[in-house]
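K.L.:
Below are the sequence and a predicted model for it; my questions follow.
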There are 2 protein chains.
Amino acid sequence: MAHYDDDSYNAALDRLLLLTVMLNDDMQRGLATDGLTPSRTSLLWTLRRIGPCPQQAIAAAMQVSPRTVTGLVDGLVATGFVTREPDPGDRRAVLVTFTPKGTAAVDSLIAQQREFSRQLFAAMPPERFDGLVAGLDDVLGTLHALGLRSPF
Amino acid sequence: MAHYDDDSYNAALDRLLLLTVMLNDDMQRGLATDGLTPSRTSLLWTLRRIGPCPQQAIAAAMQVSPRTVTGLVDGLVATGFVTREPDPGDRRAVLVTFTPKGTAAVDSLIAQQREFSRQLFAAMPPERFDGLVAGLDDVLGTLHALGLRSPF
DNA sequence: GTACGATAGTGAGCATGGCTCATTATGATG
DNA sequence: CATCATAATGAGCCATGCTCACTATCGTAC
């Protein structure tokens, strides 16, 4: 059947990749207004998920080297989003901990994301929305089957 | 109606962002095996679109500074993907030009992308595929209406 | 035809974010 | 206690982004 050939698949992937680029660019612009970089934001996000913890744990969760986490935490400490607290159970380790500013920043990111999702989807016909979600789930499942693992 | 509220919008955006991250990571891994970085690949891709041209034109097309293009071209020249040819009409300028290796690399990227799109979509029920594409187009249109511009 | 402003590219220098390897301090265990 | 493992960081590399200053060249106006 003419409509489900390589060209249509390719066109669909092009759309997906274009969306990828545009969403990334937009997020990055938004973060910059909060004084955050993508990597530092990723660390804050991880920290929110796994709680105050030594840098090793953050490195494992983010799948980067411990040395990289040292640098990111340096930046976040300098800009006031987190602090390094002593780990009461291990004097080698530090516990990376949110400051009030850090907590507020993450809360704000969550709120912005909710608002953005509303802008993206609220005006979409329910049927189309369901079709989009079903398609995305299918693709995510296929990626999983291809061996790509979610970073979370 | 209970199913089309903020939570479902948010869940859909989460899926989209997850897909974004996974596709980016996968692409980057693939490029690394070709000896390319994302930025250098982006330059090759741009060069393919606009043809041999001075670095200024590449900078404008990629929306980065001319100085950044100097660095990217330095890398691509060192790894043999492009050459700097004299511009016959302007002795200040250079024409960034594909080597055979560069042309082959871009062709290979296109082939890989087609193959990947096949893997993603060939097994998907046509109805779901259509629903996905319709949803993606809707989102892209909404982004456009929100003022986000495609980088191309 | 020359003098001057605009343009193409790059050097210098900075920030960020990856990495490895070496080092220090501490923990844990035999 | 000695030894090995682990947490963090210093040193130093590469890539990518930026600005600012500089050179070479272009084009134009005079």
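P.N.:
Structure received.

K.L.:
What ranges does chain A have for its helices?
P.N.:
For chain A, applying DSSP state H gives helices covering A:6-33, A:38-50, A:55-62, A:66-78, A:100-121, A:126-145.

K.L.:
Just checking the fourth one against chain B, any contact.
P.N.:
No. Helix A:66-78 stays clear of chain B (C-beta under 8 Å from any C-beta of the partner chain), getting no nearer than 15.8 Å. The way it works is simple: take the backbone N, C-alpha and C, and place the C-beta from them, glycine included.

K.L.:
tell me the angle that helix makes with helix A:100-121.
P.N.:
If you take axes from the mean of the first three to the mean of the last three C-alpha atoms, to 10 degrees, helix A:66-78 sits at 100 degrees to helix A:100-121.

K.L.:
which bits of chain A sit near DNA strand C?
P.N.:
Proximity of chain A to DNA strand C is confined to A:37-40, A:63-65, A:67-68, A:71-72, A:75, A:90-92 under the rule C-beta under 7 Å from any atom of the strand.

K.L.:
Make a PyMOL selection of the buried ones in the residues you listed.
P.N.:
A single PyMOL command selects the buried members of the residues of chain A next to DNA strand C (16 or more other C-beta atoms under 10 Å in any protein chain shown):
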select buried, chain A and resi 37+40+64+72
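
K.L.:
Looking at the residues of chain A next to DNA strand C, which is nearest DNA strand D?
P.N.:
Nearest to DNA strand D, judged by C-beta to the nearest atom of the strand, of those is A:Arg92 at 3.5 Å.

K.L.:
list the contacts for A:Gln112?
P.N.:
Listed by C-beta atoms under 8 Å, 6 or more residues apart in numbering or on different chains, the contact partners of A:Gln112 are A:Gly30.

K.L.:
Could you do A:Arg48 as well?
P.N.:
The neighbourhood of A:Arg48, defined by C-beta under 8 Å, 6+ apart, consists of A:Phe98, A:Val106.

K.L.:
quick one: it from DNA strand D, how far?
P.N.:
According to C-beta to the nearest atom of the strand, to the nearest Å, A:Arg48 and DNA strand D sit 17 Å apart.

K.L.:
Next: A:Ala105.
P.N.:
For A:Ala105 relative to DNA strand D (C-beta to the nearest atom of the strand), the value is 21 Å.

K.L.:
Please tell me I have it right and that residue contacts A:Leu31.
P.N.:
No. With contact defined as C-beta atoms under 8 Å, A:Ala105 does not count as touching A:Leu31 (9.6 Å).

K.L.:
Same drill for those two, tell me which one is more crowded.
P.N.:
Set side by side, A:Ala105 and A:Leu31 show more neighbours around A:Ala105, with 24 against 18, by other C-beta atoms under 10 Å in any protein chain shown.

K.L.:
what residue ranges in chain A score low on pLDDT?
P.N.:
Per-residue confidence for chain A (pLDDT under 70) gives these ranges: A:1-4.

K.L.:
switch the cut-off to 90
P.N.:
Low-confidence segments of chain A (pLDDT under 90): A:1-6, A:147-152.
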